[in-house]
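Chemist: Only the shape, not the letters, is given here:
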(Lines give C-alpha, C1' and ligand atoms only; values in the text may rest on other atoms or scores of the structure.)
Protein backbone atom coordinates (compact mmCIF):
# COMPACT_ATOMS: atom_id res chain seq x y z
CA UNK A 1 0.00 0.00 0.00
CA UNK A 2 1.23 3.49 -0.85
CA UNK A 3 0.24 6.30 1.52
CA UNK A 4 1.18 9.75 0.28
CA UNK A 5 1.27 13.44 1.23
CA UNK A 6 2.35 15.58 -1.70
CA UNK A 7 2.42 19.01 -3.31
CA UNK A 8 1.21 19.18 -6.89
CA UNK A 9 1.11 21.88 -9.56
CA UNK A 10 -2.33 21.70 -11.09
CA UNK A 11 -2.24 20.57 -14.72
CA UNK A 12 1.18 18.92 -14.48
CA UNK A 13 -0.18 15.81 -16.18
CA UNK A 14 -1.14 17.68 -19.35
CA UNK A 15 0.98 17.13 -22.45
CA UNK A 16 3.62 19.80 -22.94
CA UNK A 17 3.35 21.10 -19.36
CA UNK A 18 6.35 21.34 -17.02
CA UNK A 19 5.64 18.88 -14.21
CA UNK A 20 6.09 19.99 -10.57
CA UNK A 21 5.43 17.61 -7.66
CA UNK A 22 6.98 16.99 -4.22
CA UNK A 23 6.20 13.76 -2.33
CA UNK A 24 6.31 11.92 0.92
CA UNK A 25 5.35 8.29 0.27
CA UNK A 26 5.19 5.38 2.70
CA UNK A 27 5.50 2.19 0.70
CA UNK A 28 5.39 -1.56 1.19
CA UNK A 29 4.71 -3.79 4.15
CA UNK A 30 7.81 -2.42 5.91
CA UNK A 31 6.43 1.16 5.76
CA UNK A 32 9.55 2.50 4.02
CA UNK A 33 9.65 6.29 3.65
CA UNK A 34 10.43 7.66 0.19
CA UNK A 35 10.74 11.32 -0.81
CA UNK A 36 10.41 12.47 -4.41
CA UNK A 37 11.00 15.61 -6.42
CA UNK A 38 9.31 15.15 -9.79
CA UNK A 39 9.90 17.91 -12.32
CA UNK A 40 10.61 18.62 -15.95
CA UNK A 41 9.08 18.37 -19.41
CA UNK A 42 9.06 15.42 -19.68
CA UNK A 43 9.16 14.83 -15.92
CA UNK A 44 11.91 12.92 -14.13
CA UNK A 45 11.68 11.52 -10.60
CA UNK A 46 14.50 12.37 -8.19
CA UNK A 47 14.02 9.90 -5.34
CA UNK A 48 15.61 9.43 -1.94
CA UNK A 49 14.81 6.89 0.80
CA UNK A 50 15.98 8.43 4.07
CA UNK A 51 16.88 6.15 6.95
CA UNK A 52 14.17 6.49 9.61
CA UNK A 53 14.09 4.56 12.88
CA UNK A 54 10.47 5.38 13.81
CA UNK A 55 7.60 3.12 12.77
CA UNK A 56 5.78 5.59 10.55
CA UNK A 57 2.67 3.42 10.25
CA UNK A 58 2.18 2.96 14.00
CA UNK A 59 1.43 6.54 15.04
CA UNK A 60 1.21 10.20 14.13
CA UNK A 61 4.23 12.15 12.87
CA UNK A 62 4.78 15.69 11.63
CA UNK A 63 5.75 15.97 7.96
CA UNK A 64 6.85 19.31 6.57
CA UNK A 65 8.03 20.94 3.37
CA UNK A 66 10.11 24.10 3.46
CA UNK A 67 9.98 25.64 -0.01
CA UNK A 68 11.84 28.83 -0.93
CA UNK A 69 13.39 30.14 -4.13
CA UNK A 70 16.77 28.81 -2.99
CA UNK A 71 15.99 25.42 -1.47
CA UNK A 72 13.40 22.73 -0.82
CA UNK A 73 13.64 20.73 2.40
CA UNK A 74 11.67 17.77 3.75
CA UNK A 75 11.39 17.29 7.53
CA UNK A 76 10.08 14.58 9.84
CA UNK A 77 9.09 15.46 13.41
CA UNK A 78 11.04 18.71 13.14
CA UNK A 79 14.26 17.14 11.82
CA UNK A 80 15.35 17.87 8.27
CA UNK A 81 15.76 14.64 6.29
CA UNK A 82 16.43 15.98 2.78
CA UNK A 83 17.45 19.27 1.17
CA UNK A 84 17.63 20.22 -2.50
CA UNK A 85 19.17 23.38 -3.94
CA UNK A 86 20.48 24.44 -7.34
CA UNK A 87 18.70 22.95 -10.35
CA UNK A 88 15.94 21.35 -8.29
CA UNK A 89 15.04 24.52 -6.38
CA UNK A 90 15.14 26.54 -9.60
CA UNK A 91 12.77 24.09 -11.33
CA UNK A 92 10.06 24.97 -8.79
CA UNK A 93 10.87 28.67 -8.39
CA UNK A 94 10.66 29.16 -12.15
CA UNK A 95 7.81 26.80 -13.04
CA UNK A 96 5.52 26.70 -9.99
CA UNK A 97 5.56 30.35 -8.94
CA UNK A 98 1.76 30.36 -8.60
CA UNK A 99 2.02 27.68 -5.91
CA UNK A 100 1.05 24.03 -5.62
CA UNK A 101 -1.93 22.17 -4.17
CA UNK A 102 -1.80 19.99 -1.04
CA UNK A 103 -2.84 16.39 -1.74
CA UNK A 104 -3.22 13.16 0.22
CA UNK A 105 -3.96 9.72 -1.17
CA UNK A 106 -3.87 6.00 -0.42
CA UNK A 107 -3.61 3.31 -3.09
CA UNK A 108 -2.47 -0.26 -3.86
CA UNK A 109 0.97 -0.85 -5.31
CA UNK A 110 2.37 -3.66 -7.41
CA UNK A 111 5.68 -5.43 -7.99
CA UNK A 112 7.12 -2.38 -9.76
CA UNK A 113 6.35 0.08 -6.94
CA UNK A 114 4.88 -0.13 -3.47
CA UNK A 115 4.81 -3.92 -3.22
CA UNK A 116 2.39 -6.60 -4.31
CA UNK A 117 -1.06 -5.85 -2.91
CA UNK A 118 -3.11 -8.42 -1.00
CA UNK A 119 -6.80 -7.38 -0.79
CA UNK A 120 -7.27 -9.49 2.35
CA UNK A 121 -5.76 -6.62 4.40
CA UNK A 122 -8.66 -4.27 3.57
CA UNK A 123 -9.77 -1.91 4.89
CA UNK A 124 -6.72 0.25 5.55
CA UNK A 125 -6.71 3.92 6.52
CA UNK A 126 -4.63 7.09 6.41
CA UNK A 127 -5.11 9.58 9.28
CA UNK A 128 -4.47 13.34 9.01
CA UNK A 129 -4.71 15.20 12.30
CA UNK A 130 -4.01 18.70 11.00
CA UNK A 131 -2.54 20.66 8.10
CA UNK A 132 -1.10 24.15 8.18
CA UNK A 133 0.49 26.49 5.66
CA UNK A 134 2.94 29.33 6.24
CA UNK A 135 3.68 31.88 3.53
CA UNK A 136 7.30 32.85 2.81
CA UNK A 137 8.30 36.47 2.32
CA UNK A 138 11.42 38.54 3.04
CA UNK A 139 13.27 35.52 4.42
CA UNK A 140 10.63 34.49 6.97
CA UNK A 141 7.69 32.10 7.21
CA UNK A 142 4.38 33.42 8.58
CA UNK A 143 1.47 31.14 9.49
CA UNK A 144 -1.34 31.76 6.99
CA UNK A 145 -3.87 29.08 7.94
CA UNK A 146 -4.34 25.83 9.84
CA UNK A 147 -7.03 23.16 9.51
CA UNK A 148 -7.72 20.75 12.40
CA UNK A 149 -10.61 18.85 10.75
CA UNK A 150 -12.82 19.29 13.82
CA UNK A 151 -16.05 19.72 11.86
CA UNK A 152 -18.47 17.16 10.52
CA UNK A 153 -17.75 17.85 6.83
CA UNK A 154 -14.71 18.69 4.76
CA UNK A 155 -13.82 22.38 5.14
CA UNK A 156 -14.12 24.79 2.25
CA UNK A 157 -11.30 24.36 -0.24
CA UNK A 158 -10.74 20.65 0.41
CA UNK A 159 -11.91 18.45 -2.47
CA UNK A 160 -12.21 14.71 -3.05
CA UNK A 161 -11.12 12.78 -6.12
CA UNK A 162 -12.84 10.16 -8.25
CA UNK A 163 -10.08 9.17 -10.67
CA UNK A 164 -7.99 6.02 -10.97
CA UNK A 165 -4.96 5.57 -8.71
CA UNK A 166 -1.44 5.56 -10.22
CA UNK A 167 -1.32 1.81 -10.93
CA UNK A 168 -4.97 1.72 -12.01
CA UNK A 169 -5.67 -0.94 -9.38
CA UNK A 170 -8.19 1.22 -7.53
CA UNK A 171 -10.43 4.25 -8.01
CA UNK A 172 -10.56 7.10 -5.51
CA UNK A 173 -14.05 7.33 -3.98
CA UNK A 174 -15.39 10.41 -2.11
CA UNK A 175 -17.23 8.02 0.24
CA UNK A 176 -13.83 6.94 1.52
CA UNK A 177 -12.95 10.42 2.81
CA UNK A 178 -14.43 11.07 6.26
CA UNK A 179 -13.88 13.15 9.39
CA UNK A 180 -13.63 11.16 12.63
CA UNK A 181 -12.56 12.33 16.10
CA UNK A 182 -10.82 15.43 14.79
CA UNK A 183 -8.98 13.70 11.95
CA UNK A 184 -9.45 13.42 8.22
CA UNK A 185 -9.53 9.69 7.45
CA UNK A 186 -8.81 8.33 3.99
CA UNK A 187 -9.85 4.70 3.56
CA UNK A 188 -9.02 2.05 1.01
CA UNK A 189 -11.78 -0.52 0.95
CA UNK A 190 -13.39 -3.25 -1.09
CA UNK A 191 -15.79 -1.96 -3.75
CA UNK A 192 -18.82 -3.15 -1.78
CA UNK A 193 -17.66 -1.84 1.61
CA UNK A 194 -16.89 1.85 1.16
CA UNK A 195 -16.70 4.12 4.18
CA UNK A 196 -14.62 4.43 7.34
CA UNK A 197 -15.60 1.14 9.02
CA UNK A 198 -12.67 -0.12 11.06
CA UNK A 199 -11.01 3.28 11.36
CA UNK A 200 -9.99 4.20 14.89
CA UNK A 201 -8.01 7.46 14.86
CA UNK A 202 -6.26 8.55 18.04
CA UNK A 203 -5.22 12.17 17.62
CA UNK A 204 -4.25 12.67 21.25
CA UNK A 205 -0.53 12.31 20.64
CA UNK A 206 2.27 11.18 18.40
CA UNK A 207 6.01 11.29 18.16
CA UNK A 208 7.27 13.53 20.91
CA UNK A 209 3.67 14.32 21.87
CA UNK A 210 2.96 15.90 18.48
CA UNK A 211 0.07 15.17 16.16
CA UNK A 212 0.65 15.49 12.44
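Modeler: Thanks, I have the structure now. The structure presented is a predicted model; accordingly, all values stated were derived computationally and were not measured.
Chemist: Which of the residues in stretch 25-37 are classified as buried?
Modeler: Neighbour counts using 16 or more other C-beta atoms under 10 Å place 25, 26, 27, 32, 33, 34, 35, 36, 37 of stretch 25-37 among the buried residues. (Each C-beta comes from the backbone N, C-alpha and C, glycine too.)
Chemist: For the last one, list the residues it contacts.
Modeler: By C-beta atoms under 8 Å, 6 or more residues apart in numbering, residue 37 lies in contact with 21, 22, 23, 45, 46, 72, 84, 88, 91.
Chemist: Are any of those residues buried, and if so which?
Modeler: Restricting those to buried positions leaves 21, 22, 23, 72, 84, 88, 91, with burial counted as 16+ other C-beta under 10 Å.
Chemist: Just want the phi and psi numbers for the first one.
Modeler: I take that to be residue 21. Its backbone dihedrals place residue 21 at phi -160, psi 140, with angles given as degrees, to the nearest 10.
Chemist: Hmm, residue 10 and it touching each other?
Modeler: No - between residue 21 and residue 10 there is no contact, the gap being 10.8 Å when judged by C-beta atoms under 8 Å.
Chemist: what residues are up against the residue nearest to residue 123 when sequence neighbours are not counted?
Modeler: Distance criterion C-beta to C-beta, 6 or more residues apart in numbering; nearest residue to residue 123, sequence neighbours excluded, is residue 189 at 4.4 Å. Neighbour list for residue 189: 122, 123, 173, 176, 195, 197 [criterion: C-beta under 8 Å, 6+ apart].
Chemist: redo that, cut-off 6 Å
Modeler: By C-beta atoms under 6 Å, 6 or more residues apart in numbering, the residues touching residue 189 are 122, 123, 176.
Chemist: chain center to the helix or strand containing residue 47, what's the gap?
Modeler: Using DSSP states H and E, residue 47 maps to strand 43-48. Taking the mean C-alpha point of strand 43-48 and that of its whole chain, the gap between them comes to 16 Å (C-alpha atoms, centre = their mean, to the nearest Å).
Chemist: Tell me the first helix or strand C-terminal of that strand.
Modeler: Going down the chain from strand 43-48, the next helix or strand is strand 63-67, by DSSP H and E.
Chemist: Okay, now the sheet partners of that following strand, with direction.
Modeler: Paired neighbours of strand 63-67 in the sheet (DSSP bridges): strand 72-76 (antiparallel).
Chemist: to the chain's geometric centre, what's the distance from the partner strand?
Modeler: Put simply, strand 72-76 sits 13 Å off its chain's centre (C-alpha atoms, centre = their mean).
Chemist: just the angle between it and strand 43-48, please?
Modeler: Comparing the axes of strand 72-76 and strand 43-48 via axes from the mean of the first three to the mean of the last three C-alpha atoms, to 10 degrees yields an angle of 40 degrees.
Chemist: List phi and psi for residue 38.
Modeler: When read as degrees, to the nearest 10, the backbone of residue 38 gives phi -100, psi 120.
Chemist: Mind jotting down where the strands sit in the protein?
Modeler: In order along the chain, the chain carries the following strands (DSSP state E): 2-8, 19-27, 32-40, 43-48, 63-67, 72-76, 79-84, 101-107, 124-128, 131-137, 140-147, 177-180, 183-188.
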